[in-house]
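>>> coordinates for the following, if possible.
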Amino acid sequence: MLLQQEKLLVRELELNDKYLLAKWLSDPEILQYYEGRDNPFDMEKVEEKFFREEDGATRCLIEFDGEPIGYIQFYEVEAEERVTYGFDDSTESIYGMDQFIGESDYWNKGVGTLLVRSMVKYLIEEIGADRIVMDPQTWNERAIRCYEKCGFEKVKLMQANEWHEGEYRDCWLIEYRGR
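Residues are numbered from 1 along each chain as shown. From the prediction side, this is the model:
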């Protein structure tokens with residue numbers, strides 16, 4: 001277990017979690033926000049992306065009240081991404097995170113806010129992050145509201161930054177400063 005806050009628990013992925021990831025990432029309602037409806041995941045794709053990739057990300061399952069409900073990952077932002085974000089001259093410890101709640105019954109109930117606040121606290125207090133960044137697509141207003149509620153601020157509009165559902169989409173670079 002990485003963290004527990006109220007009914008929320010975040011733990012590292014286990015191999016059996018691949019069935020949940022495949023379920024969530026083949027659901028068009030979830031894919032609309034994460035990966036794209038034109039990019040569904042089968043078991044092989046889940047295993048490749050979440051269990052074989054060696055990119056330094058810590059991949060985790062989110063549980064709420066004992067039920068698995070989603071996925072979160074965090075990673076130290078590497079040199080190439082620092083340049084893209086405009087942080088190439090910074091010596092700060094900068095972490096990125098990505099997440100989705102795969103059970104839509106838990107949307108709009110404060111679970112995402114609890115998750116983001118708890119992970120930010122963990123990254124700053126336990127990992128030593130100075131800054132945490134994310135790059136949500138500009139049209140994903142619900143997620144952006146959640147992140148702003150948690151103290152993230154918009155830093156930079158990144159035009160045509162992410163391929164999603166057949167076109168490049170604009171993203172906001174948002175950040176949370178730890179100190």
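>>> quick one: residue 121 and residue 110, what's the gap?
According to Cβ to Cβ, to the nearest Å, residue 121 stands 16 Å off from residue 110. Glycine gets a C-beta too; all of them are placed from N, C-alpha and C.
>>> of these two, give the one with the bigger neighbour count.
residue 121 (14 against 11; other Cβ atoms under 10 Å).
>>> quick one: contacts of the top helix by length along the chain?
Ordering each helix of the chain by length in residues (DSSP state H) puts helix 111-122 first. Helix 111-122 is contacted by residues 2-3, 5-6, 8, 10, 62, 64, 69-70, 72, 74, 97, 99, 101, 132, 143, 146-147, 149-152, 176 when judged by Cβ atoms under 8 Å, 6 or more residues apart in numbering.
>>> whichever of those end up buried, select them in PyMOL.
Remark: buried members of the contacts of helix 111-122, expressed as a PyMOL selection using 16 or more other Cβ atoms under 10 Å:
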select buried, resi 2+3+8+10+62+64+69+70+72+74+97+99+101+132+143+146+147+150+152+176
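>>> which secondary structure elements does whatever helix or strand residue 142 lives in contact?
According to DSSP states H and E, residue 142 maps onto helix 141-149. When contacts are defined as 3 or more Cβ pairs under 8 Å, 6 or more residues apart in numbering; DSSP states H and E, helix 141-149 sits against helix 111-122, strand 167-177.
>>> and the helices in this protein?
18-24, 28-31, 43-47, 79-85, 111-122, 141-149.
>>> weakest of the ones you listed by average pLDDT?
Of all these, mean pLDDT reaches its minimum on helix 79-85 (a mean of 88).
>>> neighbouring contacts of the helix or strand of the chain with the lowest mean pLDDT?
Ranked by mean pLDDT, DSSP states H and E, the weakest helix or strand in the chain is helix 79-85, scoring a mean of 88. Residues from elsewhere that reach helix 79-85, judged by Cβ under 8 Å, 6+ apart: 77, 88, 90, 94, 96, 133, 155, 156, 158, 173.
>>> return the set of buried residues in that helix.
For helix 79-85, a neighbour-count test (16+ other Cβ under 10 Å) marks 81, 82, 85 as buried.
>>> how close does the residue nearest to residue 124 when sequence neighbours are not counted sit to residue 85?
On the basis of Cβ to Cβ, 6 or more residues apart in numbering, the spatially nearest residue to residue 124 that is not a chain neighbour turns out to be residue 178, at 4.1 Å. The spacing between residue 178 and residue 85, counted by Cβ to Cβ, is 16 Å.
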